[in-house]
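*Asks:* this one's structure only:
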């Protein structure tokens, strides 16, 4: 599984509508937060190993009505309850 975080900039006045669409219609979504700063939303997605990240973002996220821009961050290792717990030596 691959964890991907996407920062989303929305068209003015459409943040809540975009968040609702992502939460309700994209099965890979794990969480959606409103944020302050340059982007309006932060969404976490869990993709299967065979899903291509760029194609998923382009087809599933950037095509949502009201999405203006995205910035993608790929998660490498989870250190909290959402992922496997490992100590500093990888055990």
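*Replies:* Yes, it's here. As the structure is a computational prediction, the values presented were derived from the model and not from experiment.
*Asks:* Give the residue spans of this structure that score low on pLDDT.
*Replies:* Low-confidence segments of the chain (pLDDT under 70): 82-91.
*Asks:* Where do the helices of it begin and end?
*Replies:* In the chain, the segments counted as helices under DSSP state H are 15-25, 53-56.
*Asks:* Those helices: which one's closest to residue 42?
*Replies:* The minimum distance between residue 42 and the helices of the chain falls on helix 15-25, with 10.2 Å, by Cβ to Cβ. To be clear about C-beta, it is placed using only N, CA and C from the backbone, and glycine gets the same treatment.
*Asks:* what's in contact with that closest one?
*Replies:* Residues from elsewhere that reach helix 15-25 (Cβ atoms under 8 Å, 6 or more residues apart in numbering): 8, 10, 29, 32, 34, 40-41, 43, 61, 64-67.
*Asks:* which residues in the protein form strands?
*Replies:* Under the criterion DSSP state E, the chain contains strands at 2-10, 29-34, 41-47, 67-75.
*Asks:* Just give the number of residues close to residue 10.
*Replies:* If you count neighbours by other Cβ atoms under 10 Å, residue 10 ends up with 21.
*Asks:* tell me which residues in stretch 33-40 are buried?
*Replies:* For stretch 33-40, a neighbour-count test (16 or more other Cβ atoms under 10 Å) marks 39-40 as buried.
*Asks:* Return the distance of it from the chain's centre.
*Replies:* 13 Å (Cα atoms, centre = their mean, to the nearest Å).
*Asks:* what's the span of it, first residue to last?
*Replies:* Using Cα to Cα, to the nearest Å, one end of stretch 33-40 lies 8 Å from the other.
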